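1. no letters, just coordinates:
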């Protein structure tokens, strides 16, 4: 794996989540994505607009612990590409983000990219998000 994506003007490498952690992330996200079709992600228009209400409702029902778990696991496989071409971990060993300039939107974008790359076979339409 190790796909490179741009988020917030920075290049990031997306790594692989091990199978056990994929399972635990998937089971936490399953209620959120239940019944989701690929068309909801693809068009970015009406399908996404119809999906946005149920998405925010489902997110609001997730516990802080479940949200933190998903964010932590997903961000732990991300590296920001440095000027020398080397990758620097996005998450510190003790937790927390290594880069102060990562805002909530960028954090969520990275998390979605990791889910897309690691779970496209499990969640229908995840590759199209």
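-> Thanks, I have it. Here the structure is a predicted model, which is why all the values come from computation and not from measurement.
2. every contact and neighbour count from this point should use C-alpha atoms.
-> Noted.
3. for this structure, what spans make up the helices?
-> 19-33, 38-42, 46-61, 64-75, 104-119 (DSSP state H).
4. format those helices as CSV; extra columns: mean neighbour count and mean pLDDT.
-> Conversion of those to CSV gives the following (neighbours: other CA atoms under 10 Å; pLDDT from 0 to 100):
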stretch, mean neighbour count, mean pLDDT
helix 19-33, 16, 88
helix 38-42, 17, 46
helix 46-61, 13, 69
helix 64-75, 17, 94
helix 104-119, 19, 91
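5. got TSV for the ones you listed, with distance to residue 4 too?
-> Output for those, formatted as TSV (distance: least, CA to CA, whole Å):
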stretch	distance to residue 4
helix 19-33	20
helix 38-42	21
helix 46-61	25
helix 64-75	14
helix 104-119	10
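6. which one of those lies nearest to residue 94?
-> Closest to residue 94 of the helices of the chain, according to CA to CA: helix 64-75, at 11.0 Å.
7. and the closest one, what does it pack onto?
-> Contact here means 3 or more CA pairs under 8 Å, 6 or more residues apart in numbering; DSSP states H and E; on that basis helix 64-75 packs against helix 19-33, helix 104-119.
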